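**Student:** return atomic coordinates for the entry below.
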Amino acid sequence: MLRIENISKQYGDYTALDDVSLHIPKGSIFGLLGPNGAGKTSLIRIINQIVLPDAGTVCLAGELLQPKHTAQIGYLPEERGLYKTMKVGEQALYLAQLKGLSKEEAKERLKFWFNRLDIGDWWHKKVQELSKGMAQKIQFLVTVLHNPKLLIFDEPFSGFDPINANIIKDEILYLREQGATIIFSTHRMESVEELCDHIALINKSRKILDGKLIDIKRAYKNNLYEVGLKVAEEQKTALLAELKSQFEVSETNFKTLYDELKLHIQKKEGQTANDLLQYLTTRAEVTHFVESIPSVDEIFISTINKLKE
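**Tutor:** Got it, this is the predicted structure:
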């Protein structure tokens, strides 16, 4: 869907992007991650043709990016902006027509989205009467109204309470079901876990990691299991000593219904999860046995820390 090849961008002596290449598959929700100042916003601005790259190319649906493609892109920037004294309906209608919709088509689509987001009674309100979260909903609606092929959301949950954040999350998934490809830039790693199927990590102007989220998690897992063992109090010390003689073991904490031994156990090379479980069931009652999969947050921190070494 979107192919970014060898993009570089400098502002004076400052390098914002250094030879960045990405492929964003059609119909994916692609998480663009990185610390503040990493280069994410510069890349988003290049895709939106707000600024031009110094080197490299961007192709949308097989074509080199051109001004005509702006009609196929919906962009929700982190810094939102609506005309505060205009009425919500008037403003939404005006912005929809700027996106190339006829007045009648805009009215039809606005009716659909106002009903879908349950905000029909906001039509005659002035923007200045809305809370920050309410204004965010209008901005979201205007971004998606012209059914763009590519949607770019920069911190889309900023300003939303948990209930409205979930509503927007559901709408993002709905838009993907309707065929949209979505780039999702955020610091909220729990949202990445829930929504994204592909990610890229940018740090200090360079791409340092990208791919399918599930493949990246597989690459970063370390055969670690979260284990709960129910055993008599007087036997805990002996069992822990035995396990430490056989495996890499550390004590941990997680919520359960019992006061058992709570451990991280790393299975041996060549050993299956069943082998480890079978061994443990001969020593105690196993109440909890879950593979410890690294979170996006842990992968993010681990990758950045490795670069500092």
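**Student:** wait, A16 touches I44, no?
**Tutor:** No - counting by Cβ atoms under 8 Å, A16 stays clear of I44, with 11.3 Å between them. Yep, even glycine has a C-beta here, placed from its N, CA and C like the rest.
**Student:** residues contacting S205?
**Tutor:** 15-18, 20, 38-39 (Cβ atoms under 8 Å, 6 or more residues apart in numbering).
**Student:** now list the buried members of these.
**Tutor:** By neighbour count, with 16 or more other Cβ atoms under 10 Å, those hold 15-18, 20, 38-39 as buried.
**Student:** which one of those is nearest to L239?
**Tutor:** The nearest member of the buried ones among the contacts of S205 to L239, counting by Cβ to Cβ, is A38 at 46.1 Å.
**Student:** specify the local secondary structure of the closest residue to that closest one other than its chain neighbours.
**Tutor:** In space, and not counting its chain neighbours, A38 is closest to I202: 4.5 Å by Cβ to Cβ, 6 or more residues apart in numbering. Three-state assignment for I202 (DSSP: H, G, I helix; E, B strand; the rest coil): strand.
**Student:** in the sheet, who's paired with I202?
**Tutor:** K207 (DSSP bridges).
**Student:** next one: V290
**Tutor:** Following DSSP bridges, V290 is listed with bridge partners E226.
**Student:** what's the local residue count around it?
**Tutor:** A count of nearby residues for V290, using other Cβ atoms under 10 Å, gives 11.
**Student:** which ones among the contacts of S205 are found in strands?
**Tutor:** Secondary structure defined by DSSP state E assigns 15-18, 20 of the contacts of S205 to strands.
**Student:** from the residues you listed, pick the one nearest D161.
**Tutor:** Of the ones in strands among the contacts of S205, the one sitting nearest to D161 (Cβ to Cβ) turns out to be A16, at 33.3 Å.
**Student:** who are the contact partners of the closest one?
**Tutor:** Applying Cβ under 8 Å, 6+ apart to A16 gives the contacts 9-10, 39, 42, 205.
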